[in-house]
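> Compute the structure for the input listed below.
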Amino acid sequence: MDRSIAATTIAACTSPKTDCASSQALWGLLNYTNFANNGDWHNGRMLASGPRVNPWLQEATDRKLEAGDLVAFDTDMAGPFGYFADISRTLFC
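Okay, here's the model as predicted:
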């Protein structure tokens, strides 16, 4: 694989096909991508959008993303071979 599983999960989460998904659905996609590539686990469900971005570290809910939302997440994931990736991103939807 040309890039880390963490980078792959972020790319999956930010693809155009995720428009109008809930933050829970995006968190599920992050987990699925990690597990599908022999990853292990995530520490928490830190993914929020819109008015839930601040304060930081809010967990995913069923709130749907809307155009113009900020989407913030923290991977805190154990990937394949036991490596740990703690990547935080805030993106404009």
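> low pLDDT regions in the chain?
Residues of the chain meeting the criterion pLDDT under 70: 1-3, 9, 12-13, 15-20.
> which SS state does the residue sitting furthest away from the middle of the chain fall under?
Within the chain, the residue lying farthest from the chain centre (Cα atoms, centre = their mean) is residue 81, at 20.2 Å. Secondary structure state of residue 81, per DSSP: H, G, I helix; E, B strand; the rest coil, is helix.
> Number the residues from 30 up from this point.
New numbering, starting at 30: the last item is residue 110.
> distance of it from residue 63?
13 Å (Cβ to Cβ, to the nearest Å). Glycine gets a C-beta too; all of them are placed from N, C-alpha and C.
> And for whichever strand or helix holds residue 59, what's in contact with it?
Per DSSP states H and E: residue 59 is located in helix 52-65. Helix 52-65 has contacts (Cβ atoms under 8 Å, 6 or more residues apart in numbering) with 34, 37-38, 41-42, 47, 50, 68-71, 74, 76-78, 81, 89-92, 94, 100, 102, 104, 106, 108.
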